[in-house]
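Novice: show me the folded form of this:
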Amino acid sequence: MSDQKLTDWRKLATTLESEINKVIVGQEAPIRLITNAIFSRGHVLLEGDVGVGKTTLLKAFAKAIGGGYQRIEGTIDLMPNDLIYHTYLGEDGKPHVSEGPILKSGEDLSVFFFNEINRARPQVHSLLLRIMAEKTLSAFNKEFYFSHLIVFADRNQVEKEETFEIPSAARDRFMMEVPIAIPQVDQIMTSLIFDTKFHDGDKLIESVPSNLIQFDALNGLSEIIQASIKTTKPLEKYTLNLWKATKNPEEYSIKISGIDMQRLIISGASPRGISMMMKTARVNAWLNNRTSVLPEDIHAIFHETIAHRLVFNPIYELRRTEIARELSNEILSKVSAP
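Specialist: Okay, here's the model as predicted:
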């Protein structure tokens, strides 16, 4: 692909962001991160309270990139087969079988949203994670392929009853965890309350252009972006030090008030996690019209690609969100950048 083609795709990516920002206000940072994930071809965990617009946001992206969009709600009684098919009695009084959400869009499935994934049983997590990793599923004596699929999953972090925490090995399969918070700008908050156009998510989505991005061209484009954006030796050394700091922060004089740093980390970032971080850093450089990765490209995605992978001592888990953010900031502050 020529440089001009990459430039044309970058313009489309910018247009995509602009169109989504028109309907989802006050979420510029999450929209940039999700745009990055789409071009990095990585799955995303969403962090945020109920009612902040996660479903509307994903529907808007799905409409703009094309392909199929499906979702499912996590519940305590959800079983793995509910992702694949469901049975019902037809008007003829006979049992019938129809496709579940994973199969309903066939091989054109591009966005799958698992809402409140931690309400579902570990058996359901296992099936979903296998589909995420292998992009295939065997059902009805047939092999289904989902080569264009990106999974988004939301965790209910308020209510803990009847929930199953996602294990660290499963979290590591997600490229990012993106926080989506209520905007803190008074003007935006006032618009969300009193501007009636924001009261109907479906009508908002109608204004998003359809098939703005060719969903079935994104895999090939992503490979070209990764091959086109270069790294320097100093940048590679810096990245290696960042990785080491996630494992042994005390060796880099990293301190957090009230935390025993020698006991905090059970397991740092995995090799897969660091490679995913670099993948998103390259896409961030491309989105900013650069041909090589700079430290600021890593800074832009470091917390979102690394924090959810860290395994903390159980005594600190209840404060994970707060501690992980402070730890990320300290690592970027204490590890010298080239």
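
Novice: ok, which stretches of the stretch 1-150 of the chain are helices?
Specialist: 3-23, 28-40, 54-65, 81-84, 101-104, 122-134 (DSSP state H, counting those that start in this stretch).

Novice: between the ones you listed, which one is nearest to S333?
Specialist: S333 lies closest to helix 28-40 among the helices of the stretch 1-150 of the chain, at 19.6 Å (C-beta to C-beta). Placement of C-beta: from N, CA and C, glycine included.

Novice: could you check the angle helix 54-65 makes with that closest one?
Specialist: 50 degrees (axes from the mean of the first three to the mean of the last three C-alpha atoms, to 10 degrees).

Novice: what mean pLDDT does helix 28-40 get?
Specialist: Averaging pLDDT along helix 28-40 yields 96.

Novice: picking that back up, and of the helices of the stretch 1-150 of the chain, who's closest to K237?
Specialist: That would be helix 28-40 among the helices of the stretch 1-150 of the chain, by C-beta to C-beta, at 23.0 Å.

Novice: closest one to L204 among the helices of the stretch 1-150 of the chain?
Specialist: helix 3-23 (4.4 Å).

Novice: can you give the distance of the closest one from its chain's centre?
Specialist: In terms of C-alpha atoms, centre = their mean, to the nearest Å, the centre of helix 3-23 is found 19 Å from the chain centre.

Novice: and what of stretch 65-76?
Specialist: The chain centre lies 14 Å from the centre of stretch 65-76; the measure is C-alpha atoms, centre = their mean.

Novice: circling back to that earlier point, export the helices of the stretch 1-150 of the chain to TSV and tack on mean neighbour count and distance to A153?
Specialist: Formatted as TSV, the helices of the stretch 1-150 of the chain follow (neighbours: other C-beta atoms under 10 Å; distance: least, C-beta to C-beta, whole Å):
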stretch	mean neighbour count	distance to A153
helix 3-23	15	19
helix 28-40	22	12
helix 54-65	22	10
helix 81-84	18	13
helix 101-104	19	13
helix 122-134	17	8
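
Novice: tell me which of the ones you listed lies nearest to S253.
Specialist: helix 28-40 (28.9 Å).

Novice: got the angle between that closest one and helix 3-23?
Specialist: 140 degrees.

Novice: helices or strands up against helix 28-40?
Specialist: Applying 3 or more C-beta pairs under 8 Å, 6 or more residues apart in numbering; DSSP states H and E, we find helix 28-40 packed against helix 3-23, strand 44-47, helix 54-65, strand 176-179, helix 218-228, helix 271-287, helix 295-306.

Novice: so what's the residue count around Y145?
Specialist: Around Y145 there are 13 other residues, counting by other C-beta atoms under 10 Å.

Novice: ok, the one 5 residues further on next?
Specialist: As a burial measure, the neighbour count of I150 was computed by other C-beta under 10 Å and equals 27.

Novice: kindly state the beta-bridge partners for it.
Specialist: In this entry, I150 is beta-bridged to V111, by DSSP bridges.

Novice: rewinding a little: so which of the helices and strands packed on helix 28-40 gets nearest D195?
Specialist: helix 3-23 (11.9 Å).
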